[in-house]
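Asks: 3D, please:
(2 chains)
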Amino acid sequence: MGGAVKAIGNVVNQVSNFVSEVSKVLQRGIQLLQGVQSGLNSLSQAMQGNRQDNQRADAAAQRAVDDREIDQLRNQRSRSMQRVRV
Amino acid sequence: MTTPTPPQGRSPAEIAEEEALRKQFTALQEQVLRDSRMRLSQLDVFLKQNLERVVYYDRLIAKLDPFIAEVEAGPPAPGDAELLEKLRASRDLYRASKAMVEIQSHDYRANHETIRAGLEAAAPQAVTFLDSTQSKPYLLAKAQVDLAAARLLLVDIHSPILLVQRLLNPAQPLPPDAAIDPAALSRIGAVLAQAPEIKPVLSLAITHYQEAQGLIKEAVRALRGVGEYAWELSHLMGNTSSFYKLRGKMFYLERLAEQLAPYPELAELFAKVAASKDLPFTAAPAPANSGKLNPPARGTQPLGKQTRRLNAENNPFADRK
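Replies: Down below sits the predicted model:
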């Protein structure tokens, strides 16, 4: 009788342990997903920050010399050198 | 990503607890999948834009380098000093922007791969995303972008500043290569005669311009030091650095140019490079317009702190949050 009770007790413990393991697996999965989610959010913020940095560079590029202006400046300099020679 | 198989023979409390966990897991999994796909498509767009930027920068650098060499080789022409500074600052801006964008793209590609691998995995796994925005090379590139931007602004207002300097202080000697257009001098002189109240503002502008020149020299020295001493970078980005002050100073000068708008002759001179050029990869950003210059911001110091605190949203030189 005592042996049977002990055996049933063991089975109950095993089932309980198994259930606990399932919960642990789920909890571990949730933790991992939360980590991924947090990483994705940080990535979004970093990308937004990069975008601001690029906009800043674009704003500065408005003052920089571009394709059209290079040609204009080259022509202007050439004319101004001709005037000096004359 | 899969969930574990449910076990048999559990109590109602255990089933409820597990069910709650399972629901939480499923909801989170769906959200992560949704966000992962969204992030992937954003990364694709950003990578494509950055590639266009690099092509654009490469093309301009390839055109500017020989032009700079040509001017440097001579024979000299009038206005070469200003022209060279404009060309060099433009080239430096493109180089720094390219370096910045390439670091971003490297991270984007790595993060794209991380997300893709995560989506293909059968179960959730730990991930690490790359973010080099606080790395030394990125901060250095960003600082060089700011420095080139400041140099470009100074080149643009160089002639108007000389002209105003000549009008306000006729006795003060100008740099030997200074070329002032007599017709412009006459026109602006007439404007100043009619609006003497602008004289203190212009006088302050000259002071800020000269201080900005000094700060640029300091910033150049600091950037050179970065290569040798890592601690210089934190100093460079710190609250007391010349760079920090320079950003505020540049913001002030830009706003000053806007302030001169009621005086068309001067406004034309100060803002002669209005945002009229459309870059190929993006719509031109709206020029910074932060409204009227508040009297407290007219003080000489600490301009950087004031502009950052009062106008952090609109200050293109402010550090991002």
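Asks: next one: stretch B:141-160, is it in contact with chain A?
Replies: Yes: if you take C-beta under 8 Å from any C-beta of the partner chain as the test, stretch B:141-160 does meet chain A, through B:142, B:145-146, B:148-149, B:152-153, B:155-156. Any C-beta I mention is one placed from the backbone N, CA and C, and that applies to glycine too.
Asks: make a ChimeraX selection of the buried ones in those residues.
Replies: In ChimeraX syntax, the buried subset of the residues of stretch B:141-160 next to chain A is picked out as below (16 or more other C-beta atoms under 10 Å in any protein chain shown):
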select /B:142,145,146,148,149,152,153,155,156
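Asks: how about the residue nearest the centre of chain A: what's its closest non-neighbour residue?
Replies: The residue lying closest to the centre of chain A (C-alpha atoms, centre = their mean) is residue A:43, at 2.0 Å. Distance criterion C-beta to C-beta, 6 or more residues apart in numbering or on different chains; nearest residue to residue A:43, sequence neighbours excluded, is residue B:129 at 4.9 Å.
Asks: my read is that that neighbour contacts residue A:45, right?
Replies: No: counting by C-beta atoms under 8 Å, residue B:129 does not reach residue A:45; the two are 10.8 Å apart.
Asks: so between the two, which is more surrounded?
Replies: Ranked by neighbour count (other C-beta atoms under 10 Å in any protein chain shown), residue B:129 and residue A:45 place residue B:129 first, with 17 against 14.
Asks: OK, contacts around the more buried one?
Replies: Each residue near residue B:129 by C-beta atoms under 8 Å, 6 or more residues apart in numbering or on different chains is listed here: A:39-40, A:42-43, A:46, B:107, B:110-111, B:114.
Asks: which element is it on?
Replies: Here residue B:129 sits in a region with no helix or strand, counting by DSSP states H and E.
Asks: ok, now residue A:65?
Replies: With DSSP H and E as criterion, residue A:65 is part of no helix or strand.
Asks: what about residue 65, neighbour count?
Replies: Picking chain A for this. Considering only other C-beta under 10 Å, residue A:65 is surrounded by 26 other residues.
Asks: wait, I meant chain B there
Replies: The burial count for residue B:65: 12, using other C-beta under 10 Å.
Asks: ditto for the one 4 residues further on
Replies: Neighbourhood size, residue B:69 [other C-beta under 10 Å]: 9.
Asks: swap in residue B:100?
Replies: Residue B:100: 27 surrounding residues under other C-beta under 10 Å.
Asks: residue boundaries of the helices in chain A?
Replies: Per DSSP state H, chain A carries helices over the ranges A:2-61, A:67-85.
Asks: residue A:72 versus residue B:121, what's the distance?
Replies: Distance of residue B:121 to residue A:72, given as C-beta to C-beta, to the nearest Å: 56 Å.
Asks: go on, residue A:20?
Replies: On the measure of C-beta to C-beta, residue A:20 and residue A:72 end up 76 Å apart.
Asks: got any ranges where the chain has weak pLDDT?
Replies: In the absence of a named chain, chain A is used. Low-confidence segments of chain A (pLDDT under 70): A:1-2, A:4-5, A:8-9, A:11-19, A:84-86.
Asks: nope, chain B
Replies: Ranges of chain B meeting pLDDT under 70: B:1-10, B:176-178, B:225-244, B:256-265, B:267-321.
Asks: so where's the longest helix in it?
Replies: Max-length helix for chain B by DSSP H is helix B:12-73.
Asks: I'd like the next helix or strand past that helix.
Replies: Using DSSP H and E, the first helix or strand after helix B:12-73 is helix B:80-120.
Asks: got the angle for that next one vs helix B:12-73?
Replies: If you take axes from the mean of the first three to the mean of the last three C-alpha atoms, to 10 degrees, helix B:80-120 sits at 160 degrees to helix B:12-73.
Asks: neighbours around residue B:147, how many?
Replies: When neighbours are counted by other C-beta under 10 Å, residue B:147 comes out with 25.
Asks: was I right about it contacting residue B:218?
Replies: No: using C-beta under 8 Å, residue B:147 is not in contact with residue B:218, being 10.5 Å away.
Asks: joint contacts of these two?
Replies: With C-beta under 8 Å, 6+ apart as the test, residue B:147 and residue B:218 both reach residue B:246.
Asks: who's in contact with residue B:167?
Replies: B:185, B:188-189, B:192.
Asks: which of the residues you listed count as buried?
Replies: Applying 16+ other C-beta under 10 Å to the contacts of residue B:167 flags B:188, B:192 as buried.
Asks: just to revisit the earlier point, and the residue nearest to residue A:43, its phi and psi?
Replies: Backbone geometry at residue B:129, expressed as degrees, to the nearest 10, gives phi -100, psi 150.
Asks: returning to what we had before: which among the contacts of residue B:129 count as buried?
Replies: Judged by 16+ other C-beta under 10 Å, buried ones among these: A:39-40, A:43, A:46, B:107, B:111, B:114.
Asks: in a markdown table: those, plus distance to residue A:33.
Replies: As requested, these are exported to a markdown table (distance: C-beta to C-beta, whole Å):
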| residue | distance to residue A:33 |
| --- | --- |
| A:39 | 10 |
| A:40 | 10 |
| A:43 | 15 |
| A:46 | 20 |
| B:107 | 22 |
| B:111 | 17 |
| B:114 | 15 |
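Asks: ok, the residues you listed vs residue B:83, which is closest?
Replies: Proximity of the buried ones among the contacts of residue B:129 to residue B:83 (C-beta to C-beta) peaks at residue B:107, which lies at 37.0 Å.
Asks: and stretch B:24-34, C-alpha only, in CSV?
Replies: Only the C-alpha atoms of stretch B:24-34 are listed here, as CSV (Å, rounded to 0.1, in the frame of the first residue of the first chain):
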residue,chain,number,x,y,z
GLN,B,24,1.0,36.1,-24.1
PHE,B,25,3.6,34.2,-26.1
THR,B,26,1.3,34.1,-29.2
ALA,B,27,0.5,37.8,-29.0
LEU,B,28,4.1,38.7,-28.6
GLN,B,29,5.2,36.4,-31.4
GLU,B,30,2.7,38.0,-33.8
GLN,B,31,3.8,41.5,-32.8
VAL,B,32,7.5,40.6,-33.2
LEU,B,33,6.8,39.0,-36.6
ARG,B,34,4.8,42.1,-37.7
